[in-house]
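Participant: Test case, fold it:
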Amino acid sequence: MKNLIIYSLLTVLFFAGNSCTKDFLELEPKTGQVEANYYKTEEQAFLALTAVYDAYALQNWQFVP
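Facilitator: Residues are numbered from 1 along each chain as shown. All right, here's what the predicted structure looks like:
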């Protein structure tokens, strides 16, 4: 019983120690695009619109623009 308490305490301390970092919440995504810096050219806006139409096609709605 004493070993179980010790192992449980060590496990809790391990997870508590690893969760206390400054970069726990990343504000900047490392992959993909962010809306704030994406729609700057006509080509980027067209690609975004094409992605919306592709979502309709994948759902088999028989949508043709």
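Participant: So which helix or strand of the protein has the lowest pLDDT on average?
Facilitator: Within the chain, judged by mean pLDDT, DSSP states H and E, the helix or strand with the poorest mean is helix 42-58; its value is a mean of 83.
Participant: pLDDT value on Asn37, please?
Facilitator: If you check Asn37, the pLDDT there is 74.
Participant: Next one: it from Tyr53, what distance?
Facilitator: As for Asn37, its distance to Tyr53 is 23 Å (criterion: CB to CB, to the nearest Å). Every C-beta, even on glycine, is put in place using the N, C-alpha and C of the backbone.
Participant: which of those two has more neighbours?
Facilitator: Set Asn37 next to Tyr53 and count neighbours by other CB atoms under 10 Å: Tyr53 wins out with 12 against 8.
Participant: So what touches stretch 27-38?
Facilitator: For stretch 27-38, the surrounding residues in contact (CB atoms under 8 Å, 6 or more residues apart in numbering) are Gln44, Ala48.
Participant: then it to CSV, C-alphas only?
Facilitator: Coordinates of each C-alpha in stretch 27-38 appear next as CSV, following Å, rounded to 0.1, in the frame of the first residue of the first chain:
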residue,chain,number,x,y,z
LEU,A,27,-0.3,31.8,-29.8
GLU,A,28,1.2,31.4,-33.3
PRO,A,29,0.2,28.2,-35.2
LYS,A,30,3.2,26.3,-36.7
THR,A,31,1.3,24.9,-39.6
GLY,A,32,-1.3,26.4,-42.0
GLN,A,33,-2.2,30.0,-42.7
VAL,A,34,-3.6,32.7,-40.4
GLU,A,35,-6.4,34.9,-41.5
ALA,A,36,-4.5,38.0,-40.5
ASN,A,37,-1.8,37.5,-43.0
TYR,A,38,-3.4,35.4,-45.7
